[in-house]
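Colleague: I'd like to go over a predicted model; first the sequence, then the structure.
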Amino acid sequence: MPSDDVLTWTAGRLAGAIRRREIGSSELLSIALDRIDRLDPKLNAVVTFDAERARAQAAAADEATARGESTGPLHGLPITVKDALEVAGVRSTGGAIELTDHVPAADAPAVARLRAAGAVVFGKTNVPRWSGDLQTYNEIFGTTNNPWDPARVPGGSSGGAAAAVAAGLTSFELGTDIGGSVRIPAHCCGVFGLKSTYGIVPQRGYLDRVGGGGSDADINVLGPLARSAGDLALLLDVVAGPLDEDAPGWRLELPAPRATSLADYRVGVWLDEPSVPLGGEVRAIASRAVDVLADAGARVEEAHPAVAFDEQVTLFMEAVGAAVSPGMDPTLGEVVAGGHLSWLHALDRRAALRRAWADWFDAYDLLLCPVLPIEAFPHAQE
């Protein structure tokens, strides 16, 4: 059996190895489960297992490979799924004690698409209660630790997902993001994450409250976490697209990149913001990224849209408060969310800001800025 370091390969490389019969799906699943036994006691990233069904699915994938067949670009890859997303026949809690025994009858649509592309789901990864924290802990499963330093957080709310990807416990992961829940764990754990454009990946089956999952949460999106940028593109192609009931009326055709060479890209840089001074290590890493882009030929300059940072933060917090309020204590929800009229006024302000950003991106291709102003911070559950 190959070394378990094979689980640190990118998903694309693993899928290629399975296609070429260099490694089997069953073999890879066994490696993943053994690696979890060895490494996860210190991390607590993978909190629920469906190993027996996964073994049967992996064996079926190997039989298909032997016949020269493939179910899709993720054929045979063993994966975990964030516990905020429903997985058929597997306890899915959203990190909330109210759903301790919740076992969905069907997969979330995005999870179903991963399966249809060949992925083998064998477990769930930890989240904070209702995916509502920059840390990852809850009353059911306890605390998830950062794989680089267990005294620090892995980020949240997709902290278990990012930790599992970083530690090589899964081929890739699928996260959710309202207020940074893909981006912040990617930042804290040193992996790649994508907050996809709103609406292009179905978010049904997202557990943000008791009875949730049947409608879309405003400003929430689903997006992949992986070990390379190429994996993000591979995974987005699998999960993006309309729900079946929407498919007659619209289809998704994502645009190609504007150019194929970095020399043809104009990049704005936003590192200096008085409201959010950067820590020394984050500034050093971001500055290196600027230098690498410039050395590769990109046109790099300090520039960003003509919008007030603090104004955006205030509006963002209003939107996040409204989006997460269904999972809050009902006596507090209205305080956070405000009334419907205030929400409509907030939408008007958001539309104006979106226009400012759209105008800026007519001239620029990319804005480079840090996810957080600091590195992963020590656990602070008080």
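Modeller: Now that the structure is in, tell me what you want to look at.
Colleague: can you tell me which helix or strand Leu315 belongs to?
Modeller: According to DSSP states H and E, Leu315 maps onto helix 309-324.
Colleague: ok, and what's touching that helix?
Modeller: By CB atoms under 8 Å, 6 or more residues apart in numbering, the surrounding residues in contact with helix 309-324 are 130, 132, 178-179, 208, 217-220, 273, 275-276, 336-338, 342-343, 346, 349-350, 353. From N, CA and C alone the C-beta is placed, and that goes for glycine too.
Colleague: Spell out, range by range, the strands that occur in the stretch 1-150 of the chain.
Modeller: Applying DSSP state E, counting those that start in this stretch to the stretch 1-150 of the chain gives strands spanning 46-49, 78-82, 120-125, 137-138, 142-143.
Colleague: So which of the ones you listed is nearest Asp362?
Modeller: strand 78-82 (34.9 Å; CB to CB).
Colleague: next one: that closest one to chain centre, how far?
Modeller: On the basis of CA atoms, centre = their mean, to the nearest Å, strand 78-82 sits 12 Å off its chain's mean C-alpha point.
Colleague: quick one: that strand to strand 120-125, angle?
Modeller: Strand 78-82 runs at 40 degrees relative to strand 120-125, counting by axes from the mean of the first three to the mean of the last three CA atoms, to 10 degrees.
Colleague: Just checking: what are the partner strands of strand 78-82?
Modeller: Within its sheet, and counting by DSSP bridges, strand 78-82 is paired with strand 120-125 (parallel).
Colleague: Identify the residues contacting the partner strand?
Modeller: 25, 29, 32-33, 36, 45-51, 54, 57-58, 61, 76-83, 87, 90-92, 111, 114-115, 144, 158, 160-161, 163-164, 170, 173.
Colleague: and what of stretch 128-145?
Modeller: Residues from elsewhere that reach stretch 128-145 (CB under 8 Å, 6+ apart): 42-45, 47, 84, 93-97, 100, 125-127, 151-160, 163, 176, 178, 180-181, 184-185, 207-209, 324, 327, 379-381.
Colleague: likewise stretch 245-262?
Modeller: For stretch 245-262, contacts defined as CB under 8 Å, 6+ apart pick out 200, 240-242, 264-265, 293, 296-298, 365.
Colleague: Of those, grab the buried ones for PyMOL.
Modeller: To isolate the buried members of the contacts of stretch 245-262 in PyMOL, using 16 or more other CB atoms under 10 Å:
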select buried, resi 200+240+241+242+265+293+298+365
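Colleague: Which one of the contacts of stretch 245-262 is nearest to Val307?
Modeller: Of all these, Val307 sits closest to Asp365, with 18.1 Å by CB to CB.
Colleague: Now that closest one. Nearest residue, chain neighbours left out?
Modeller: Excluding its sequence neighbours, the residue lying closest to Asp365 (CB to CB, 6 or more residues apart in numbering) is Tyr265, at 4.5 Å.
Colleague: Within the helices and strands, which one has Trp357?
Modeller: Taking DSSP H and E as the criterion, Trp357 maps to helix 340-363.
Colleague: May I see the buried residues of that helix?
Modeller: Under the neighbour-count criterion of 16+ other CB under 10 Å, helix 340-363 has 346, 350, 353, 360 buried.
Colleague: Now mean neighbour count, distance to Leu194 and mean pLDDT too, for the strands of the stretch 1-150 of the chain, in CSV please.
Modeller: CSV is the format used below for the strands of the stretch 1-150 of the chain (neighbours: other CB atoms under 10 Å; distance: least, CB to CB, whole Å; pLDDT from 0 to 100):
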stretch, mean neighbour count, distance to Leu194, mean pLDDT
strand 46-49, 21, 22, 98
strand 78-82, 30, 14, 98
strand 120-125, 27, 17, 98
strand 137-138, 22, 25, 98
strand 142-143, 15, 26, 98
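Colleague: Of all the ones you listed, which one is nearest Ala17?
Modeller: Nearest of these (CB to CB): strand 78-82, 12.8 Å.
Colleague: Dump the closest one to CSV, restricted to CA.
Modeller: What follows is strand 78-82, C-alpha atoms only, in CSV (Å, rounded to 0.1, in the frame of the first residue of the first chain):
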residue,chain,number,x,y,z
PRO,A,78,-13.1,9.4,-1.0
ILE,A,79,-14.4,12.7,0.5
THR,A,80,-15.9,14.3,3.6
VAL,A,81,-18.7,16.9,3.6
LYS,A,82,-19.2,19.8,6.0
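Colleague: List the neighbours of it that are in contact with it.
Modeller: 25, 28-29, 32, 46, 54, 58, 87, 111, 114, 119-125, 127, 158, 160-161, 164, 169-176.
Colleague: Give me the below-cutoff pLDDT ranges for the stretch 101-250 of the chain.
Modeller: Nowhere does the stretch 101-250 of the chain drop to pLDDT under 70.
Colleague: Go again with 90.
Modeller: Within the stretch 101-250 of the chain, the stretches with pLDDT under 90 are 179, 215-219.
Colleague: For it, which segments count as helices?
Modeller: Using DSSP state H, counting those that start in this stretch, the helices of the stretch 101-250 of the chain run over 109-116, 159-166, 183-189, 229-239.
Colleague: And the pLDDT for Pro255?
Modeller: For Pro255, the model assigns a pLDDT of 89.
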